[in-house]
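Q: Coordinates for the following, if possible.
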Amino acid sequence: MTLIVFLKFNKTQILKTAKNDLKFFLAAGLLYGLASIIQLLSLAKIYVAYTISIKRAGLIFAVIFGYLFFKEKQIGARLLGATIMVIGVLLITLLG
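A: Numbers count the residues shown, from 1 in each chain. Sure, this is the predicted structure:
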């Protein structure tokens, strides 16, 4: 993914954007790191299927945030697809 970004944009533009949004990138990196640590700790404590189903439930929130913050179109179809995927993971968890 990083390679695609570097090929599409020039390096000075990326570095300028990163310097302007340094606080955002640091916060995003810290939150992502914290989420990874919490996920790994939960894998050690509970069943893997439960951990993954909880993680996948966040997909619905990602679709909603995409609509609210980025004004994505066709929210109904996206929400329906995300809900079907989360229901599928929950069924695997409960029946598996």
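
Q: What is the neighbour count of residue 47?
A: 12 (other C-beta atoms under 10 Å). Glycine gets a C-beta too; all of them are placed from N, C-alpha and C.

Q: mind checking how far it is from residue 19?
A: Residue 47 sits 44 Å away from residue 19, going by C-beta to C-beta, to the nearest Å.

Q: Not counting its neighbours along the chain, what's nearest residue 50?
A: residue 93 (6.2 Å; C-beta to C-beta, 6 or more residues apart in numbering).

Q: starting at the chain centroid, how far to the host helix or strand of residue 36?
A: Element membership for residue 36 (DSSP states H and E) is helix 22-45. Here helix 22-45 is found 11 Å from its chain centre; the criterion is C-alpha atoms, centre = their mean, to the nearest Å.

Q: Let me see the mean pLDDT of it.
A: The average of the pLDDT scores along helix 22-45 is 87.

Q: outside of it, which residues touch it?
A: Identification of contacts with helix 22-45 by C-beta atoms under 8 Å, 6 or more residues apart in numbering yields 18, 51, 54, 55.

Q: which SS class is the residue sitting furthest away from the middle of the chain?
A: Note on the chain: the largest C-alpha distance from the chain mean falls to residue 12, namely 27.3 Å (C-alpha atoms, centre = their mean). At residue 12 the chain is in helix, as set by DSSP: H, G, I helix; E, B strand; the rest coil.
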